[in-house]
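Asker: Need a 3D model of the following:
(one chain, ligands or ions: 1)
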Amino acid sequence: MESIDDIRSQFEFTDQDQENLKLLGEILLPMSDQFAEDFYEYLKLHPNTAEYFKTEEAIARRKETFNSWFNALFTSKYDNRYLLRLQKIGKVHVKIGLESYFVNAAMNFIRELCRSNIAAQIKDRGLKEEILMTLHRALDINLSIITSSYQEEKIHKVFVSQKAETYLIHLAERLLHGLNLFLLLGLLVLAIGVVALL
Ligand code: HEM
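Answerer: Below you'll find the predicted structure:
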C-alpha cells in the first residue's frame, strides 16, 4: 500500500482540506449518534448486512464503532498513523467475511447523510462547494484505504498458494530424484547379478 503522502497527493487532499475538516466536524459531529442510528437501520434493512447484528452486544458495538470512526474522520491528522488505523478497520471487515461491495454501498449511504446536512446548513455557495469537496475527498480516502485490505488479502492468498505450489514442485523433484537413484541401484544390482552368473 502507498504511503499517506502518496494517497493525499493522488486525491489532491491539501492542507486546506485538512483545515476544512474542522468545520465539517463542527457541523456533523453533533449528529453522530443520530447518524449511527440511521446507519444501523440501513444495515438492518438489507439481509446480507442484517445477519451480522443478531445480538444486543453486536448492535451496541456497531453504534460505538461508527461514532469512533466518524469522530476520527474529522479530528484526525491524515498521516501514516491514521492510515494504519484505517487499514486495521479494513482487515476487521475482511476477517468477518464481509464483501467489499457492502462497504462501498455503506459509504455511499454515509456520504449522502453528510452531504445533505452540509448542503442544508452552509448557505454561502462558494464555501459549500469547497467544504463538500473536502468531504468527498476524506470519504474517498477512507473508502480506498479500508477496501485496499481486500486487495491485499487476495494477493496474500495468491502468494500463499504460490508458496504451496513451489513446495509441491520441490517435493516432486526430490521424489523423482530418489526414484532415479533407486532405479540406478536396481540396474547395478541386476548387472552384477548377470556378471556373477556368467
Ligand atoms: C463505510 C462503511 C463502514 C465503516 C466506516 C465501518 C467502520 C467500522 C469500524 C471502525 C469497526 C471497528 C474496527 C476495529 O475493531 O478496529 C467496524 C467493525 C465492524 N463492522 Fe464496520 N464499517 C463499515 C461498514 C460495515 C458494513 C457494511 C457492515 C455490515 C455488516 C459492517 C459490520 C461490521 C462488524 C460486524 C464489525 C465488527 C464489530 C465488532 O468488533 O464486534 N461494517 N466497522
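
Asker: Could you report the neighbour count for H170?
Answerer: Counted by other Cβ atoms under 10 Å, the residues lying close to H170 total 10. C-beta here means a position set from N, CA and C on the backbone, and glycine is covered the same way.

Asker: what do you get for N142?
Answerer: Neighbours of N142 (other Cβ under 10 Å): 21.

Asker: again, but for the one 10 residues further on
Answerer: As a burial measure, E152 scores 14 neighbours (other Cβ under 10 Å).

Asker: residues in contact with it?
Answerer: Residues in contact with E152 (Cβ atoms under 8 Å, 6 or more residues apart in numbering) are M1.

Asker: Need the per-residue pLDDT for it.
Answerer: pLDDT for E152: 76.

Asker: element containing E112, please.
Answerer: Per DSSP states H and E, E112 falls inside helix 100-121.

Asker: quick one: the longest helix seen in the chain to helix 100-121, angle?
Answerer: As assigned by DSSP state H, the longest helix anywhere in the chain is helix 125-197. Comparing the axes of helix 125-197 and helix 100-121 via axes from the mean of the first three to the mean of the last three Cα atoms, to 10 degrees yields an angle of 170 degrees.

Asker: Kindly check the end-to-end length of stretch 92-110 for me.
Answerer: Criterion Cα to Cα, to the nearest Å; first-to-last residue distance in stretch 92-110 is 19 Å.

Asker: Contacts for that stretch next, please.
Answerer: The contact list for stretch 92-110 (Cβ under 8 Å, 6+ apart) reads 35, 39, 42-43, 48-49, 52, 139, 142-143, 146-147, 149-150, 153.

Asker: Quick one, which of the residues you listed has the minimum pLDDT?
Answerer: Here the lowest pLDDT out of the contacts of stretch 92-110 sits on E153, with 73.

Asker: Distance of it relative to the ligand?
Answerer: According to Cβ to the nearest ligand atom, to the nearest Å, E153 stands 16 Å off from the ligand.

Asker: How about that residue: what's its closest non-neighbour residue?
Answerer: Computed as Cβ to Cβ, 6 or more residues apart in numbering, the closest residue to E153 that is not its neighbour in sequence is V94, at 4.9 Å.

Asker: which regions of this structure lie under the pLDDT threshold?
Answerer: 154-163, 166 (pLDDT under 70).

Asker: Up against the ligand, what does it have?
Answerer: Neighbours of the ligand within the chain, by Cβ under 6 Å from any ligand atom: 43, 49, 52, 58, 61, 65, 68-69, 88-89, 92-93, 96, 98, 102-103, 106-107, 110.

Asker: of these, buried ones?
Answerer: Using 16 or more other Cβ atoms under 10 Å as the burial test, the residues of the chain next to the ligand include 43, 49, 52, 69, 89, 93, 98, 103, 106-107, 110 as buried.
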